[in-house]
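>>> got a predicted structure here, sequence first:
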Amino acid sequence: MKKIWPFSFYFLYFGAFASLAPFFVIFYQGLGFTGTQIGLLTGVAPLITLVATPIGTGLADATRRHKLIMGLGLFMAVIFGVVLPVLKGFAAVCILVALYNFFMAPVGSLADSATMTMLGDEKAMYGRVRLGGTFGWGILAPIAGILVQHYGLGIGFWMFTTIMVINFMVSQKFDYGQSQQGQASSNGGIWLLLQDKKWIFFLAAAFLSGIGTYSVASYLYPYMAEMGATETQMGITSLMGTLTEIPIFFFGHYLVRRFNSRSLFITAIVLFGIRSLLFAAIDAPAMMYLIQGVSGVIFPMMWLAGVSYADENAPEGLKSTAQGLFGAVSFGFGSAASGFIGGILLESIGGRAMFFVFGVGILVLLALVEGMRRFVIGRAVSQ
């Protein structure tokens, strides 16, 4: 019965984002913001996440106030959904976006930590619980696309706000376990993790996973708009991507056991780079259906492997901190880089060339990271 609460949380959490997040750039364009301003807004949000996520999760581990910190984040999401539509000036929007991202930053990592704790000896089943998020996004993304096309972006904000109110109540059912709550982060917390060479190279790869994920989440819809796609087509594209997530989340524990979490993680990042190059190669919105349908396996593969690796390599009492560090680098540092760069590239060279740059960048940087890892680890073994 405990599994129903994290499953429901993920359904609502990602369903809320599906109703609004893909339209952020279009919303900013509607306010008349420049490409640089849009790049700043999309880039500063994950940059705040980079700092706020380990702070929030570390504080939760140290004070044993996991539910309170998560509740504050969800409450801020409600405020964000109500206030943002009425703002017009760039400075006001920027301040609200910053506050929203600061308080929301640890929520996803705290949910992952609680889920792994509540699963107990069935941690391998995380993917099936996390499947709730896939269903939430897959069901609500096309619904939001249709509603926004007919009634405007305002309906997306109200969907987001309503769902977050419900999810606040669901989040209070989470259990973080006695062993996790009984350990404070006085042993160095994040710095203890960063002393481990395995974590350094894992986080370098996580940075690239953030670029691969966030560049599509933020700039796929504007790229489709360049091609003349409607909001309904955008929603269908999201649906195609989420449908193919289902088998990976459902059977993902077999993949983790067969290939190990790190190998699976690296494979997913390679596929992120290839997907970006495929986006750059097409010239019609309908082709997006095919690419998203095939590439929908990438995100769940990456996320299952990343969460599993962080849980496997976290010291006792630092499970939330470890998940927070992974989330901070992936959806903080990596997402910030793609947000800043993407906004400028989209305005200056267009969506097609932008995705080409992202694809080449991900593959080249991953090759460098893996080359350095093998050199450093091989040298350590030889000594």
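Looks like it arrived, so ask away.

>>> residue ranges with poor pLDDT in the stretch 1-150 of the chain?
1-2, 124 (pLDDT under 70).

>>> contact partners for the spatially most central residue of the chain?
The centre of the chain sits closest to residue 331, judged by CA atoms, centre = their mean, with a distance of 5.3 Å. Residue 331 makes contact with 46, 49, 53, 108, 210, 213-214 under the criterion CB atoms under 8 Å, 6 or more residues apart in numbering. Where C-beta positions appear, they are placed from N, C-alpha and C, glycine not excepted.

>>> run through the stretch 251-383 of the chain and note the low-pLDDT ranges.
Applying pLDDT under 70 to the stretch 251-383 of the chain flags the ranges 316-317, 378-383.

>>> now the helices for it?
With DSSP state H, counting those that start in this stretch, the ranges of helices along the stretch 251-383 of the chain come out as 261-281, 285-295, 298-312, 319-328, 335-382.

>>> which of the ones you listed sits most buried?
helix 319-328 (a mean of 29; mean count of other CB atoms under 10 Å).

>>> so which elements touch that helix?
Judged by 3 or more CB pairs under 8 Å, 6 or more residues apart in numbering; DSSP states H and E, helix 319-328 is in contact with helix 35-63, helix 107-119, helix 190-194, helix 197-226, helix 298-312.

>>> follow-up on the earlier one: against residue 112, how distant is the residue nearest to the centre of the chain?
Noted for residue 331: a distance of 12 Å to residue 112, by CB to CB, to the nearest Å.

>>> same thing with residue 227?
Taken as CB to CB, the span from residue 227 to residue 112 is 35 Å.

>>> out of these two, which sits in the busier spot?
Remark: of residue 227 and residue 112, residue 112 carries more neighbours, 28 against 16, as counted by other CB atoms under 10 Å.

>>> now for the nearest residue to the more buried one once chain neighbours are set aside: which residues touch it?
Nearest residue to residue 112, sequence neighbours excluded (CB to CB, 6 or more residues apart in numbering): residue 323, at 4.8 Å. Residue 323 is in contact with 57, 109-110, 112-113, 116, 307, 310-311, 314, counting by CB under 8 Å, 6+ apart.

>>> go on, residue 45?
97-98, 100-101, 335-336, 339 are the contacts of residue 45 under CB under 8 Å, 6+ apart.

>>> out of these, which comes closest to residue 135?
Nearest to residue 135, judged by CB to CB, of the contacts of residue 45 is residue 335 at 23.5 Å.

>>> excluding chain neighbours, give the residue nearest to that closest one in space.
Using CB to CB, 6+ apart, the closest residue to residue 335 is residue 46 (3.2 Å).

>>> and the gap between residue 38 and residue 322?
Applying CB to CB to residue 38 and residue 322 gives a distance of 33 Å.

>>> sorry, back to before: and of the contacts of residue 331, the nearest to residue 152?
Using CB to CB, residue 214 is the member of these that sits closest to residue 152, with 25.4 Å.

>>> that closest one: how many residues sit nearby?
Using other CB under 10 Å as the criterion, residue 214 is surrounded by 25 other residues.
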